[in-house]
Each structure stands twice: as C-alpha cells, then as structure tokens.
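> just coords:
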C-alpha cells in the first residue's frame, strides 16, 4: 500500500479505531519486531500519571531542547489533528512528514495483520509510528507519554532511562483498580531494572506500591518534597513565578506562563526529570527560557478575554479539583457559565462535585465521539450536583455559543469534562494552532541549494 497524502495517512490509522483498547504487549512487540525495533535506537523518558502527563512531557521536551538535544515527543490524545501527537524539537510534525512516516511503515503493518488475526489497535499503531519516526529523525532522546495505566500500556515496551509518575488519582478504575494503591501499582510498573524514577506529588496511599517496585528493581527514586521541591510559588501576571530546588541544583525566579498552582509542581517534576536524565545540574538560563516558553493547550488555557474563556481538559475528580482551585484563586468574582461534556463511564456526580458553588449556570453537551455521554444525562447530574440552571446542546460548538451569550462581556465561560470537548471548544473559537516551542535549536534546510551543489 502506498500512502499518497496526509488524508490517506490519517485514514490508514483511523481504519483501526474500531479495534478499541486491548491491554497487553504481545501485539506491540510483534509489530515492532517487523519494524526492526526502532524504540531501541535512542534513550527514552517514559511518563505516566493520572494528570499532568502531557504538560510534564512538554516541559521536559523544552528543558532538554534548551540544553541542545534533539527531542522526539509522543503524547495523546490530540486536540485537533493527529499530527499533534508527534513532535520533533518542540514542533509537531507537518502534514507531509506525517504522510511519509505512515507510508514508511504501512506495508509492514499490513504484513503483520495478514499473518496475525489480532491486529494492532489505533493507539498501538500511533505508538509504533512515533517510535519509527523518532528513529528516522535520529533524535537524541524520546519523551513518551503513557496512554492508559502503565503496566500493560502499549508504550511499556521501552526500557526507560528515566521513568516518571506525575501523580496518582482515581481515574479509569475499571481498568486500573478502584484504589490509589492499585492504580499506583499499575503506573509504577513502567520502572525498569536498575532504572531511575521521578515522582511528582503522590498521596500516602500510593507510596507503598512505589516503594515495593523501587526495591524490586533496585532503582534510584527521586521524590517530590524529598530530593526536589518547590521552594516558593508566587502569583504572577498570566501565570506563576517560582523557585525550585532540584536534585542537583537550585533554580530561582522561574516565570511559568501557565494557570493553575499545580503547574508549578509539574515544572519542578520536569526539572528533576531532566536532571535525572542528564545526571547533573541544569543551566539556569536554559531552565528560565524553557519555563518562560511553556504552553499547555487545552489545560487551563485562556483562549479569549471578553468574555473570559478558559478551556480545560479536566476529566477526572483530581483534574476538576485543580480547575476549581484555579477558578477560586486566579479568576474570582466572575459569573461563570460551565460548558461540560463527558466521555466514558465516569461517575458524573463525583466528577462535577469539585465545581459546586463555583459556577452559576451550565450547558451540557457531548463530544463528537462514540464514547460521548448523553447530554441529558450530563445535564441531570449538573442540576443535581451543581444546583444551577442547565441546558443541553448536541454539539460543543453550539454549547460554546450559548455559553458566550449567557456569560456576556464581563462574565466567564469555563469548558471542562474531556480533552475531546476542549479540542472542539478551541476549534469553535478559531484556536486550532499548537504553537511550536522557540527554545529548540533547529537547522532549517535552505529553500534552494546554491547552483552547482
């Protein structure tokens, strides 16, 4: 099969969506064997956690890039276009490179499928694509985000130079377990023999399984609040200013242009991860440059000002609690209209509870996804839990338009419940860009070579 353009490449991937989620590593190992094991061509930083994975991946990518390394980054899900999952040197791959990357592996994928009844899932295929792309681009290091859990996630075929667990909360209980202890056990399983582990803030309930895994593997463990910490965090215009004490060095007056106090913890975790990988203190100016260039699309992102529109992909109780704290601390005294859509089998009452008393009206909707929950079901939960007037729409774009009308110029629209909803809300507001990071050194080929060369 020949992939001729970007749309054909996306269609090749999309044809596997119907295979759903299938935990296990046999398909992934088999497919990568056909691709000559590209994931062994570079060291990997492997990032798991209930929340904050993508943000930590982006921060680590920029910190490494600011230190002169060429970094390949794989995150999920995407907000608008599948190409966003694959970045080289802080820049999502363009349509042409994406199409070429899919074309390079398509015939081997089809050959694997021809010989095996159990073909790769969509996520497994995108993971294999990332590994192949990074090998072809000869990256110095790959930063890879876990999709679901850790132990049986498709990404767990790598042997991580550094494993990261950003935090532990309740989410995907049907797949991972109904306690933080069991969820921690699944996530810390990405830690390999003799490896290095960096953990962000984790609850006491999660410490036992992590301690056991560290002992089992003989790994070195760097803990938030132990080997590294946030010394001080201060509110700043458009974000936070922070002093961070890392594993090997101290970094003062870091400006982080992200909303949410928890993002400072993510920055500290990213600094420690980068130190653990490099085995030394970081250049302070490089850390300041990387922190100051940080973006987090769809994560407590201000996408409009009149009225204020905050788009957040919070989709579990821990994420909603972070949103609630940020609304109370950084965006007080506004009449807030909530746009909420949910996918999957989450407990709606528990999901919405952190926002009680913080919103004045709600519009329930659903993402354009087969797993999207019925807006009427979401609306009923909003009325019950938030005790505010709630209406429904069938699309996110309609919900955003209605909320904008209701909020008026001096109010606020808050979008939450799902990263899929966050992406559709951004698109409805004309914000589909994912800005490349400026801190990476790039050598751009000339448009034309000089004559005779």
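Perfect, I can see it now. Given the structure is predicted, the values throughout are model-derived calculations rather than measurements.
> residue ranges for the helices of the stretch 51-200 of the chain, please.
Under the criterion DSSP state H, counting those that start in this stretch, the stretch 51-200 of the chain contains helices at 53-66, 95-115, 122-136, 173-176, 180-187.
> just how off-centre is the second one within its chain?
If you compare the mean C-alpha spot of helix 95-115 with that of the full chain, they lie 25 Å apart, counting by C-alpha atoms, centre = their mean, to the nearest Å.
> Same question for the last one.
Counting by C-alpha atoms, centre = their mean, helix 180-187 is centred 19 Å from the centre of its parent chain.
> what's that helix packed up against?
Applying 3 or more C-beta pairs under 8 Å, 6 or more residues apart in numbering; DSSP states H and E, one finds that helix 180-187 contacts helix 173-176, helix 204-217. (Each C-beta comes from the backbone N, C-alpha and C, glycine too.)
> so which of the ones you listed gets nearest residue 62?
helix 204-217 (26.7 Å; C-beta to C-beta).
> who touches residue 383 in this structure?
With contact taken as C-beta atoms under 8 Å, 6 or more residues apart in numbering, residue 383 is in contact with 389-390.
> Over to the one 3 residues further on?
Residue 386 sits next to 338, 352, 355-356, 359, 362 when contact means C-beta under 8 Å, 6+ apart.
> at 6 Å instead, please
Neighbouring residues of residue 386 by C-beta atoms under 6 Å, 6 or more residues apart in numbering: residue 356.
> hmm, back to that, ranking the helices and strands packed on helix 180-187 by mean pLDDT, which is last?
Per-segment mean pLDDT for the helices and strands packed on helix 180-187 reaches its minimum on helix 173-176, at a mean of 55.
> Quick check: closest non-adjacent residue to residue 432.
Among residues not flanking residue 432 along the chain, residue 80 sits closest, at 4.7 Å (C-beta to C-beta, 6 or more residues apart in numbering).
> Next up, the contacts around residue 199.
165, 223.
> Give me the pLDDT value at residue 166.
pLDDT, residue 166: 95.
> what's the neighbour count on it?
Residues near residue 166, counting by other C-beta atoms under 10 Å, number 30.
> thought it was touching residue 49?
Yes. Residue 166 lies in contact with residue 49 (C-beta atoms under 6 Å); the separation is 3.0 Å.
> backbone phi and psi for the residue nearest to residue 432, please?
Per-residue torsions, residue 80: phi -130, psi -50 (degrees, to the nearest 10).
> what's around it, how many residues?
The local packing of residue 80 (other C-beta under 10 Å) involves 16 other residues.
> In this structure it contacts residue 433, no?
No. The pair residue 80 and residue 433 does not pass the contact test of C-beta under 6 Å, sitting 8.6 Å apart.
> Model confidence for residue 87, exactly?
Reported pLDDT at residue 87 in the predicted model: 97.
> before we move on, the earlier item: take the helices and strands packed on helix 180-187 and write them to JSON lines, including mean neighbour count and distance to residue 21.
Output for the helices and strands packed on helix 180-187, formatted as JSON lines (neighbours: other C-beta atoms under 10 Å; distance: least, C-beta to C-beta, whole Å):
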{"stretch": "helix 173-176", "mean neighbour count": "15", "distance to residue 21": "8"}
{"stretch": "helix 204-217", "mean neighbour count": "16", "distance to residue 21": "23"}
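> May I see the ones you listed arranged in a markdown table, with distance to residue 235 as well?
Output for these, formatted as a markdown table (distance: least, C-beta to C-beta, whole Å):
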| stretch | distance to residue 235 |
| --- | --- |
| helix 173-176 | 34 |
| helix 204-217 | 28 |
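> Relative to residue 348, which of the ones you listed is closest?
Per C-beta to C-beta, nearest to residue 348 of those: helix 173-176, 14.1 Å.
> What is the neighbour count of the nearest residue to residue 108 once chain neighbours are set aside?
Excluding its sequence neighbours, the residue lying closest to residue 108 (C-beta to C-beta, 6+ apart) is residue 34, at 4.6 Å. The tally of other residues near residue 34 (other C-beta under 10 Å) stands at 16.
> Wait, residue 88 touches residue 135, no?
No. Residue 88 is beyond contact range of residue 135, at 11.7 Å (criterion: C-beta under 6 Å).
> end-to-end on stretch 85-95?
Taking C-alpha to C-alpha, to the nearest Å, stretch 85-95 runs 12 Å from one end to the other.
> right, I mislabeled it, should have said stretch 347-358
Per C-alpha to C-alpha, stretch 347-358 runs 20 Å from first to last residue.
> what residues does it touch?
Stretch 347-358 is contacted by residues 317, 320-321, 324, 327, 381, 385-386 when judged by C-beta under 6 Å, 6+ apart.
> show me where pLDDT drops low in the stretch 1-150 of the chain?
1 (pLDDT under 70).
> measure stretch 165-180 end to end?
13 Å.
> ditto for stretch 34-46
So stretch 34-46: terminal residues 23 Å apart, C-alpha to C-alpha.
> same deal with stretch 133-151?
The first and final residues of stretch 133-151 sit 24 Å from each other (C-alpha to C-alpha).
> and it, how far out from the chain's middle?
The chain centre lies 13 Å from the centre of stretch 133-151; the measure is C-alpha atoms, centre = their mean.
> List the buried residues in that stretch.
133-137, 139-151 (16 or more other C-beta atoms under 10 Å).
> same thing with stretch 33-42?
Neighbour-count burial for stretch 33-42, counted by 16+ other C-beta under 10 Å, picks out 34-35, 38-39, 41-42.
> Narrow those to those in strands?
Applying DSSP state E to the buried residues of stretch 33-42, no entry is found in strands.
> Is it possible to get JSON lines of the residues you listed that adds distance to residue 311?
JSON lines is the format used below for the buried residues of stretch 33-42 (distance: C-beta to C-beta, whole Å):
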{"residue": "34", "distance to residue 311": "39"}
{"residue": "35", "distance to residue 311": "36"}
{"residue": "38", "distance to residue 311": "34"}
{"residue": "39", "distance to residue 311": "33"}
{"residue": "41", "distance to residue 311": "36"}
{"residue": "42", "distance to residue 311": "33"}
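> ok so, going back, select from the buried residues of stretch 133-151 every entry located in strands.
Using DSSP E, the subset of the buried residues of stretch 133-151 located in strands is 141-145.
> per-domain residue ranges of the chain.
The chain resolves into domains spanning 6-292, 301-428 when parsed by automatic domain parsing.
> right, and those domains - which one's nearest residue 437?
Closest approach to residue 437 among the domains of the chain (C-beta to C-beta): domain 6-292, 3.3 Å.
> Run the chain-centre distance for the closest one.
Distance of domain 6-292 from the chain centroid (C-alpha atoms, centre = their mean) equals 8 Å.
> start to end distance for that domain?
Per C-alpha to C-alpha, domain 6-292 runs 33 Å from first to last residue.
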